[in-house]
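Colleague: Mind folding the following:
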Amino acid sequence: MVTYRLGDQLISLELPDATKKEIDFTDSSFFKTPNRHLPTPDQVRAISPDVRNRYKITPVRFENLNLIVKSGVDVTTIEAVNLWMIKKVFQNDVPVPEVFGWRVDDEGFVFIYMELIKGPTLEECRVCLDTTQKKAITDQLSRIMGNLRRLKQDTSDPFVGRTFKNQPKTGPIPSAKEFNDWFALLPSIFLCQRSDKPYRCFLPDTDEIKFTHADLHKGNMIVSSFDPVQIVIVDWAQSGWYPDYWEYCRACWTCKKGDEWHEDFVAEFLEPRKELDEVFAYYCYAIGAYS
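Modeller: You can find the predicted model right below:
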């Protein structure tokens, strides 16, 4: 059982067990149709254009089931748990695809079954948007991120990392300061040489820990409706609990400096942390993280 705080409200949830190889969320809309079953991994592979790939597999769409399946050895059940948690906590205040279940096969491939959101990504349609639509999108994203960032951890046991604090790849790291120490150490690890960590002093150690999408690229936002404008945020693979600055810096890092997304969108729906632009860029370049 985990406890979150959303404003003045305490929310306790029994999170799905991410170590299980098979889960169906039988209370989801998919299973409201009697005798309906999720496609098996073999059925997904049978129509996948990337059947020989292990990474970066194109999601498979089942239009008749209003279903899309994300799969690969680089996909994790934690992303499914994140989607489940967000839908439970926020309902439609943070629009995300509904998750229906997952499977993990003997080769380590994870298959996440979720609602198919129809429409172009913001990256695909951005050049066609008029000023009014752009304003509607930034206003909506501002409300969405405002809602998301109201979510707080149990103050008795805070940590930086993924939804499950016992995941070895993500820590847990107990504070923003220790997370920043770890982040500043990465160039030394990647370059296999000692670093003087010249920018460590600029990383803010007192930032609150916030639930963060961590990859707010315009390709991860689907415009499901234009009248009225409706945005759905997808790809929650990197999401988790991070220092407050992380969302803004990561969103800016998904595009070139001076890009319209950087200047006219991100700064409108997230609190700008421009003093950290060069600091964050230094560390990302040092570890070869270009997007």
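
Colleague: what about the residue sitting nearest the centre point of the chain, distance to Tyr283?
Modeller: Taking CA atoms, centre = their mean, the centroid of the chain lies closest to Trp236, which sits 2.4 Å from it. Distance of Trp236 to Tyr283, given as CB to CB, to the nearest Å: 23 Å. Backbone N, C-alpha and C define where each C-beta goes, glycine included.

Colleague: swap in Asp244?
Modeller: With CB to CB as the criterion, Asp244 and Tyr283 are 17 Å apart.

Colleague: do Ile233 as well
Modeller: With CB to CB as the criterion, Ile233 and Tyr283 are 25 Å apart.

Colleague: Next: Asn82.
Modeller: Asn82 is 24 Å from Tyr283, by CB to CB.

Colleague: Could you check which of these two has the larger neighbour count?
Modeller: Asn82 (25 against 20; other CB atoms under 10 Å).

Colleague: Stretch 105-112: how far from the chain's middle?
Modeller: 20 Å (CA atoms, centre = their mean, to the nearest Å).

Colleague: let's number from 40 now, not from 1
Modeller: I'll keep to 40 as the first residue from here, and by that count the last item is stretch 144-151.

Colleague: Ends of that stretch, what's the gap?
Modeller: 12 Å (CA to CA, to the nearest Å).

Colleague: same question, stretch 131-145
Modeller: End to end - CA to CA - stretch 131-145 spans 35 Å.

Colleague: where's that stretch relative to the chain centroid, distance-wise?
Modeller: Using CA atoms, centre = their mean, the offset of stretch 131-145 from its chain centre is 12 Å.

Colleague: and Tyr287, what does it touch?
Modeller: Applying CB atoms under 8 Å, 6 or more residues apart in numbering, we find Tyr287 in contact with 305, 309-312, 315.

Colleague: make that His256, sorry
Modeller: 162, 274, 290, 293-294, 330.

Colleague: how does this protein divide up, domain by domain?
Modeller: 41-154, 170-326 (the TED database).

Colleague: weakest of those in terms of mean pLDDT?
Modeller: The weakest mean pLDDT among these belongs to domain 170-326, with a mean of 85.

Colleague: That domain spans what distance, first to last residue?
Modeller: With CA to CA as the measure, what separates the two termini of domain 170-326 is 38 Å.

Colleague: How far off centre is it?
Modeller: 10 Å.

Colleague: what do you get for stretch 108-123?
Modeller: On CA atoms, centre = their mean, the centre of stretch 108-123 falls 10 Å from that of its chain.

Colleague: Secondary structure of Thr177: a strand, I assume?
Modeller: No: per DSSP: H, G, I helix; E, B strand; the rest coil, Thr177 lies outside any strand segment and is helix.

Colleague: which residue packs closest to it, ignoring adjacent ones?
Modeller: Glu307 (4.1 Å; CB to CB, 6 or more residues apart in numbering).

Colleague: Check Glu118 too.
Modeller: Nearest one to Glu118, counting by CB to CB, 6+ apart, is Ala276 at 4.7 Å.

Colleague: Who are the contact partners of that neighbour?
Modeller: Ala276 neighbours (CB under 8 Å, 6+ apart): 114-115, 117-118, 254.

Colleague: What ranges does the stretch 40-189 of the chain have for its helices?
Modeller: With DSSP state H, counting those that start in this stretch, the ranges of helices along the stretch 40-189 of the chain come out as 80-85, 116-129, 161-164, 170-187.

Colleague: contacting residues around the closest residue in space to Met260 that isn't next to it in sequence?
Modeller: Excluding the flanking residues, the one nearest Met260 by CB to CB, 6+ apart is Leu161, at 4.2 Å. Leu161 makes contacts with 176, 257-258, 260-262, 270, as judged by CB under 8 Å, 6+ apart.

Colleague: distance of the closest residue to Thr58 other than its chain neighbours from Val143?
Modeller: Closest residue to Thr58 apart from its sequence neighbours, by CB to CB, 6+ apart: Thr116 at 7.8 Å. Computed as CB to CB, the Thr116 to Val143 distance reads 7 Å.

Colleague: any common contacting residues for the two?
Modeller: Contacts common to Thr116 and Val143, judged by CB under 8 Å, 6+ apart, are 59, 149.

Colleague: Strands of the stretch 90-239 of the chain, start to end?
Modeller: With DSSP state E, counting those that start in this stretch as the definition, the stretch 90-239 of the chain shows strands at residue ranges 99-101, 106-111, 138-143, 149-154, 190-191.
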